[in-house]
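Visitor: Next input, structure requested:
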Amino acid sequence: MTRLSSHGGHALPLSDPNKVTHLGPLADFGAHAKQITQIASEIAMDHFRNTLDVSFKSDESPVTQADKAVEAAVLAYLEGHLPDHGVYGEEYGKKRLNSEYLWVVDPIDGTRSFLSGHPLFGFLLALLQNSEPQMGIVAIPALNEVYMGVKGKGAWLNSDPISVSNVTRMDRSILYVNEGDKIFQSEPQLFNRLMQSGQTRRFAYDCYPHALLAAGHIDLVFDYDLQPYDFMAVSALVHAAGGVVTDWEGNPVDLSSDGRIISASTPELHEQALALVNA
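Guide: Residues are numbered from 1 along each chain as shown. Next up, the predicted model:
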């Protein structure tokens, strides 16, 4: 199977307007999205591997001052530059959900990774127009990687074009299982099937496996127990890179999806994944 070569960790020059003109009508929003991403990444890295105040929400998920600071900065930017746009955020809730344009924000995707010093946490940003995803950004600040996908235009890692692999067979796939402990507890029979699937299997969490899939390095991701701010950006990114993302029933993901997600590199592989979870 053909894989893309590794990309360098060079930063995308977010202030360079020539890097976003290929986005067509979304160029202005793309420039805003990249500026937001740079601000968010800098704030996250200011806190990363430093002393953190950690509290826990009602669902036992952790939150730190970094989560709140990043999202507050994103909200301030949007209020200052795009005040008529809506926001769906993890920490500070929802505003103007009926707006034509809606930004979906996860300030620190993988707070447990972040607070434990693990570098594979992300910043997620999606732009929806009339509920349809138009743009998704998955930034991995500690790796200096920004993955961006735009509907109908393609996807990039920093300034380099990326696309999904062409793998069509489950037994030849690199398969990632996100939230494997939750799947094991809630869906033990499915967990056993997953452990017998794929050519190579890895356990993981959070957004990075979906970004790896968009870049052609892996082929299939099963994810579980997500919220819209966890999956809207990765869905837009993977679709723009040529892949398929649905819920476990095969439906397109939207703000009402139940949080069980499949990302696949090809339609053929996606069909096999659906058959596996629904066996």
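
Visitor: and T37, what does it touch?
Guide: Neighbouring residues of T37 by Cβ atoms under 8 Å, 6 or more residues apart in numbering: 14, 123, 125, 137, 139, 146. Backbone N, C-alpha and C define where each C-beta goes, glycine included.

Visitor: switch the cut-off to 6 Å
Guide: Applying Cβ atoms under 6 Å, 6 or more residues apart in numbering to T37 gives the contacts 137, 139, 146.

Visitor: Let me know the helix or strand that the last one is in.
Guide: Yep, that's V146 we're talking about. Using DSSP states H and E, V146 sits in strand 145-150.

Visitor: any idea how far that strand is from the chain center?
Guide: 9 Å (Cα atoms, centre = their mean, to the nearest Å).

Visitor: Please apply the same query to stretch 127-146.
Guide: On Cα atoms, centre = their mean, the centre of stretch 127-146 falls 7 Å from that of its chain.

Visitor: What average pLDDT does that stretch get?
Guide: For stretch 127-146, the mean pLDDT works out to 97.

Visitor: and that stretch, which residues are buried?
Guide: Residues of stretch 127-146 classed as buried: 127-129, 133-142, 145-146 (neighbour count, 16 or more other Cβ atoms under 10 Å).

Visitor: Identify the residue nearest the most centrally placed residue in the chain in space, chain neighbours excluded?
Guide: The chain has V234 as the residue nearest its centroid, 3.1 Å off, counting by Cα atoms, centre = their mean. Spatial nearest neighbour of V234, chain neighbours left out: H210 (3.8 Å); criterion: Cβ to Cβ, 6 or more residues apart in numbering.

Visitor: the inter-axis angle of the lengthiest helix in the chain versus strand 145-150?
Guide: When the chain is parsed with DSSP state H, its longest helix is helix 27-47. If you take axes from the mean of the first three to the mean of the last three Cα atoms, to 10 degrees, helix 27-47 sits at 160 degrees to strand 145-150.
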